Every structure is written in structure tokens, then in C-alpha cells.
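J.: model the structure of this input:
(chains A and B)
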Amino acid sequence: MSGDDWGDLATTWTSAPAPAADTLLREIRRLQRRRRLLFALELAATIATLGLVAFIWFNLPVERVEGRRWLAAAAALAIGGQSVHWWLRRRYALFSAPAANVVALIDQRIRAERYVLAQLGAGTALCVVVLFVARALLPSADPVKLLLGAVAPTLASFVWALWRARRAARALERLRAERDALGDG
Amino acid sequence: MNAAPGIEATLREHAGMLARIAAGYASNRAARDDLLQEMSVAVWKALPAWRGDGSLKAFVARVAQYAALDGCRRDAQAPTDDIDDVDVVATAAVPDEAAHIEQRRERLAAAIRQLPLGQRECVLLVLEGFTSAEIANVVGVGVNTVDRRLSRARAALRERLREDER
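T.: From the prediction side, this is the model:
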């Protein structure tokens, strides 16, 4: 092979007929529809929650102060949860431009894995917050029952978070090994 | 700043390059089609972020290479029966000259797939007409590293293609 062989090989290589773009576009259109639907559902769920809170708020007798506190807490959680979700996506650059090269794209993927861990951590923290809010709003409630009611879902969330964290950690290790393998010279 | 072109126009222009990059990573036709589809989806997701500060071809190649690496990572987790069954039937149905070119292309693809990952991505890009500097930009390594990889890859390909011709 001479120095011009890349040119000869490229001629052979690029002579392959191009695949039909329509077949590729079909799957993309399906994903576009799914993405739009999921976004609409997420938006609708938040709006419905806030709408329900507003409806109950305006139909609640003025003297039901405790009920209004519950509603305010529910609205704050809905808005806070969505905001944290949005912030985490931005924090881990999931909405940013793709990185400048393949190695940096792997870094971006590692950040995406960390985002999953952070999201699960935030979810667990939210459970703890719900527990404290419930305790503050229901001082007369039986603390044992309250704790049992809250501990079960929190524990389940924790186990789920740990399982996901292990999977994410393994994926990160594989990505790092793959990245090191690129430096084969 | 250029506006990002639509996915339809991009795929119509670069589907051939995507298919060739996929052929450099997957030998089995089904796996190759899957990888091509994954690359197309990756390009679609990344396309709105293209700022026009480089060539669209390089942008598409970079995203495709990354999608291929991601595919390799997944395949390493779930190994499949990687039978080289590509185009055996199609080749038999076409005239001699076309079949000969097709065979040469398949031999080249098989030789490329045996290269280490780092060399393979450089070779796939140089065959698409990218310069060493452009490849360095796409892959994220120095120009010297690209040249070194291409030099080693050329020697390895020469050896394998010669063996095939015997």
C-alpha cells in the first residue's frame, strides 16, 4: 500500500449504495411523536396538580386554615419538584450542545449518569421533606403511624436508588475503561 | 451562526456516510441496521445544537462515531452471535463487476472491523475524506496521535488485505 492508498481505498469504500433515508426517518418520526406526548403529559400533570390546588383553595371555607396550609405545601412541592428536576437537567448539561469531540461526548455521558444519581438523591431528599412537612402540619397525628406511613415509601425509594446507583457506577466504570482504550496509540 | 438544517435533509445527504461508519463496527446485517438507526436518532437529537462553526459532515461523523462507541459498549455487555452474513445473497444477484467491487468492499470492511477502536475510528474518517486535523477535532486527540494511528492502521490493513488476496 502506498501513501495514496487511502484514496484508492476510499474510492472502494464510498462506492457502496446509500441506504434509504425514508426508513431511518420513520423511526425518528415515531420518537418525535413520543417525545411530544411525554412533554405534553408532564406539562399537563403539573398544570392539573396546580389547577386542582387552586380549585380546592377557592372552594375551601375561610376558617379551614390547616387545609390551606396543606394546599400551599402541595403546590410548593409540585413547583419545587419540577424546578429541581429542571435545574438538575441543566446542572448536568443534558440540555447543552453536544461536546466538541468523541472523547468529550463520553464525558458528557458520564455527566448524564451522574444526573441519574443526583435525581434519585433529590427524590429521596424530597421524601424526607414530605415527612417533616407532614409532621409540622399534623402535630396531633400519631407519630408512630405517620412514621410508618412515610418510612415504607422512603425505604422503597432508597433501595431503588441504591440499585440504580450500582448500575450507574458500573456503566461509568465501563465508559472510563472504554475511554482509556482509545489511547491505544 | 447557521441555522441547523432539518433531519430529513441531513439524513438524505449523509445516510451513506452513516451506513459506512456502521459497517466499520457491525458485521452482522441486523446489527448494522440497528446501529445505523441508532446513529440516525443520535444525529436527530444532536442536530438542534449544531451552531454552524464547523462542517455539518464533521458534526454528523462525530455524533455517529460516538453512537457507534456506545453501541460497542452495549454489545460488550450482551455479546451476540456475530456472524459475518452481509450481502451474501445480494452479491450473488448482481453482475460480476459489481459483485467484485462488493467483495472488495466487504473484505475492506472486515479488515477495518479487526482494527483496535482508536485506529478504526480514524480510518473510517480518513476514508470519508477527512484530513488528519479534522479527524483530530472529531475524535478529540492530537494530530500526531491521529497520524500514528493511521500509519499503524495502514500497515495492519495492508497485511490483512494481502492475506485475503492469497
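
J.: domain map for chain B?
T.: Listed by automatic domain parsing, the domain ranges of chain B are B:1-86, B:96-166.

J.: can you count the residues close to residue A:47?
T.: 11 (other Cβ atoms under 10 Å in any protein chain shown). C-beta coordinates here come from the backbone N, C-alpha and C atoms, glycine included.

J.: separation between it and residue A:53?
T.: The span separating residue A:47 from residue A:53 equals 11 Å under the rule Cβ to Cβ, to the nearest Å.

J.: which SS state does the nearest residue to residue B:128 once chain neighbours are set aside fall under?
T.: Spatial nearest neighbour of residue B:128, chain neighbours left out: residue B:17 (5.6 Å); criterion: Cβ to Cβ, 6 or more residues apart in numbering or on different chains. Using DSSP: H, G, I helix; E, B strand; the rest coil, the three-state assignment for residue B:17 comes out as helix.

J.: contacting residues around residue B:17?
T.: If you count contacts by Cβ atoms under 8 Å, 6 or more residues apart in numbering or on different chains, residue B:17 has them with B:57, B:60, B:61, B:64, B:128.

J.: turn those residues into CSV, columns for neighbour count and pLDDT.
T.: Formatted as CSV, the contacts of residue B:17 follow (neighbours: other Cβ atoms under 10 Å in any protein chain shown; pLDDT from 0 to 100):
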residue, neighbour count, pLDDT
B:57, 17, 92
B:60, 25, 92
B:61, 26, 92
B:64, 32, 90
B:128, 20, 94
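
J.: what is the nearest of those residues to chain A?
T.: Proximity to chain A was ranked across those by Cβ to the nearest Cβ; first place goes to residue B:128, at 7.3 Å.

J.: and that closest one, backbone torsions?
T.: According to degrees, to the nearest 10, the main-chain angles of residue B:128 amount to phi -90, psi 0.

J.: what sits against it?
T.: A:10, A:14, B:17, B:20, B:21, B:57, B:61.

J.: so is the helix or strand that contains residue B:152 next to chain A?
T.: Take DSSP states H and E as the rule and residue B:152 turns out to sit in helix B:143-165. Yes: between helix B:143-165 and chain A, judged by Cβ under 8 Å from any Cβ of the partner chain, the touching residues are B:145, B:148, B:149, B:150, B:152, B:154, B:157, B:158, B:161.

J.: which other helices and strands does that helix contact?
T.: Judged by 3 or more Cβ pairs under 8 Å, 6 or more residues apart in numbering or on different chains; DSSP states H and E, the packing partners of helix B:143-165 are helix A:5-13, helix B:96-113, helix B:117-126, helix B:132-139.

J.: which of the residues in that helix are buried?
T.: Buried residues in helix B:143-165, counted by 16 or more other Cβ atoms under 10 Å in any protein chain shown: B:145, B:146, B:148, B:149, B:150, B:152, B:153, B:154, B:156, B:157, B:160, B:161.

J.: what's the average pLDDT for it?
T.: Helix B:143-165 shows a mean pLDDT of 89.

J.: kindly report the same for stretch B:98-118.
T.: Across stretch B:98-118, pLDDT averages out at 87.

J.: for the residue nearest in space to the middle of chain B, give its distance to chain A.
T.: A centroid search over chain B (Cα atoms, centre = their mean) returns residue B:21, at 1.5 Å, as the residue closest to the centre. When Cβ to the nearest Cβ, to the nearest Å is the yardstick, residue B:21 and chain A sit 11 Å from each other.

J.: who's in contact with the closest residue to that residue other than its chain neighbours?
T.: Leaving aside its sequence neighbours, residue B:21 sits nearest to residue B:64 (Cβ to Cβ, 6+ apart; 4.8 Å). By Cβ under 8 Å, 6+ apart, the contact list for residue B:64 reads B:17, B:18, B:21, B:22, B:39, B:42, B:43.

J.: sweet, I'm off.
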